[in-house]
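Asker: here's my sequence, what's the structure:
(one chain, ligands or ions: 1)
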Amino acid sequence: MNKDLQDLRVQINEIDNKIIELLEKRLEIVKEVGAIKREKSLSFYAPERENQIYKALDSLKLTFMNKNSLKAIFREIMSVSIKMEEPLTISYLGPEATFTHQAAIEKFGTSLYYQPEESIEDVFFDVEQDRADFGVVPIENSIEGVVNYTLDMFVNSNVKIVSEVMVDIKHNLLSKATSLSEIKAVYSHPNALGQCKNWLKKHLPNAILLETASTAKAAKIAAKDKSVAAISSLAASSLYDLNVLARGIEDKINNVTRFLVIGKHIPSPSGEDKTSLMFSIHDKVGALYSILKIFYDNQINLTRIESRPSKQENWSYIFYVDVDGHIESESVKKAFDSLSEIVPFVKLLGSYPKYIK
Ligand SMILES: C=C(O[C@@H]1C=C(C(=O)O)C=C[C@H]1O)C(=O)O
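Answerer: So this is what the prediction gives:
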């Protein structure tokens, strides 16, 4: 072998050994952290601490490394650490290779146990009934809007939102076939079919479009029939051994879905947090105005408001709001207390660190 190449690889080996030695030292300390958490019944997963670590990485000036690569390395280091503290189980809206699966891995890394579920309801039940430590569910898409099913689940559930994660949605045309001319039908989730409408009209004008419960289910169907294609993720192409006939076929770029991590305990403040609340209002003039005024008076930034039918009585609604700040902060706490005094019903859904890309 080339002498220079050999020398360089010897140097790389030495560095690798140092990295491993340091990782071992880090885990030794993590073990102590885990013991304190166990003694004090604290959550092994600490999203507020992880966000602080990500933020510190973000402020580094690096010569060679891309920030996303560095974040991915640390995601996995922390995943290994959590596993050593306690091998947590993460439930998510499955099947495997859905965007929710991708969101769960982005949040927890690959070292924990993942449990795919058939419905959003089952993910909530897994967390409520201790079959999983945390759950991951979709909450809104930048093009399609809110996932009503998830919002409605919070009415009767006591789970808390502990974290959020955003995933860029990239759609791909997958098939056992090797060319577009062989495709007679395209399967996918209705949202994905909708998001790729123009592409499909242009490239597969004669194909029949068929709806499935998830993009991953579509890939499973495509794996059995060469005349069909699925719109699904790249992860699904490897899972079901499908050819990628076209990449990035969504009509609009900047298609992002926001997911929530649900658990049982509200994390401590990270320094940059969000709080989610739900409440109902009295049926009278200025009811919503007086609520919004509370946030204004406390100088709290309201970042989102949604309403949903209460399902108790026709034409009565439940409001969901997200605000900047943690429930332990003076202003958010004060606003929550004032709100509780004037509405018939209010529930704190969680305070959690804002997502850092
Ligand atoms: C070690 C800890 O536990 C977990 C692992 C972390 C890490 O490896 O740095 C950070 C936060 C926690 O999710 C901790 O809370 O500090």
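Asker: so which strand or helix has residue 352?
Answerer: Here residue 352 is covered by strand 345-353, with elements defined by DSSP states H and E.
Asker: do the same with residue 331
Answerer: Using DSSP H and E, residue 331 sits within helix 330-342.
Asker: separation between the residue of the stretch 201-350 of the chain found nearest the ligand and residue 294?
Answerer: Using Cβ to the nearest ligand atom, the closest approach of the stretch 201-350 of the chain to the ligand is made by residue 267 at 9.5 Å. In this view, the C-beta of every residue, glycine as well, is placed from N, C-alpha and C. Separation of residue 267 from residue 294 (Cβ to Cβ, to the nearest Å) stands at 24 Å.
Asker: repeat for residue 115
Answerer: From residue 115 across to residue 294, the span is 40 Å (Cβ to Cβ).
Asker: wait, residue 273 sits on residue 351?
Answerer: Yes. If you go by Cβ atoms under 8 Å, residue 273 and residue 351 touch, sitting 5.4 Å apart.
Asker: how about the strands of the stretch 151-300 of the chain, start to end?
Answerer: With DSSP state E, counting those that start in this stretch, the ranges of strands along the stretch 151-300 of the chain come out as 160-168, 172-175, 185-188, 208-211, 228-232, 243-246, 256-263, 273-280.
Asker: dump the ones you listed to CSV, plus mean pLDDT.
Answerer: Shown next, in CSV, are the strands of the stretch 151-300 of the chain (pLDDT from 0 to 100):
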stretch, mean pLDDT
strand 160-168, 96
strand 172-175, 98
strand 185-188, 98
strand 208-211, 97
strand 228-232, 97
strand 243-246, 98
strand 256-263, 96
strand 273-280, 96
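Asker: just those strands: most buried one?
Answerer: strand 228-232 (a mean of 29; mean count of other Cβ atoms under 10 Å).
Asker: where's the residue lying closest to residue 335 once chain neighbours are set aside relative to residue 111, distance?
Answerer: Distances taken as Cβ to Cβ, 6 or more residues apart in numbering place residue 298 nearest to residue 335, at 4.4 Å, with adjacent residues excluded. Separation of residue 298 from residue 111 (Cβ to Cβ) stands at 41 Å.
Asker: repeat that for residue 255.
Answerer: 29 Å.
Asker: re earlier: what touches both of residue 273 and residue 351?
Answerer: Listed as contacting both residue 273 and residue 351 by Cβ atoms under 8 Å, 6 or more residues apart in numbering are 325, 326.
Asker: quickly find the element holding residue 82.
Answerer: helix 67-85.
Asker: return that helix as CSV; C-alpha atoms alone will do.
Answerer: Output in CSV follows, covering the C-alpha atoms of helix 67-85 (Å, rounded to 0.1, in the frame of the first residue of the first chain):
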residue,chain,number,x,y,z
LYS,A,67,-23.6,21.6,11.4
ASN,A,68,-26.2,18.9,10.5
SER,A,69,-23.6,16.2,10.4
LEU,A,70,-22.3,17.3,13.8
LYS,A,71,-25.8,17.3,15.2
ALA,A,72,-26.4,13.8,13.8
ILE,A,73,-23.3,12.6,15.6
PHE,A,74,-24.4,14.1,18.9
ARG,A,75,-27.9,12.8,18.4
GLU,A,76,-26.5,9.3,18.3
ILE,A,77,-24.1,9.9,21.2
MET,A,78,-27.0,11.0,23.3
SER,A,79,-29.2,8.1,22.1
VAL,A,80,-26.5,5.7,23.4
SER,A,81,-26.4,7.6,26.6
ILE,A,82,-30.2,7.5,27.2
LYS,A,83,-30.1,3.7,26.4
MET,A,84,-27.5,3.2,29.1
GLU,A,85,-29.5,5.2,31.6
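Asker: any part of the helix or strand just after that helix near the ligand?
Answerer: Heading C-terminal from helix 67-85, the first helix or strand you meet, by DSSP H and E, is strand 89-93. No. Using Cβ under 6 Å from any ligand atom, strand 89-93 stays clear of the ligand, coming no nearer than 12.5 Å.
Asker: helices or strands up against the helix or strand following strand 89-93?
Answerer: Downstream of strand 89-93, the next assigned helix or strand under DSSP H and E is helix 99-108. In terms of contacts (3 or more Cβ pairs under 8 Å, 6 or more residues apart in numbering; DSSP states H and E), helix 99-108 is packed against helix 67-85, strand 89-93, strand 113-117, strand 134-141, strand 160-168, strand 256-263.
Asker: got the angle between the fourth one and helix 99-108?
Answerer: With axes from the mean of the first three to the mean of the last three Cα atoms, to 10 degrees as the criterion, the two stretches strand 134-141 and helix 99-108 enclose an angle of 120 degrees.
Asker: who has more neighbours out of residue 267 and residue 294?
Answerer: residue 267 (26 against 18; other Cβ atoms under 10 Å).
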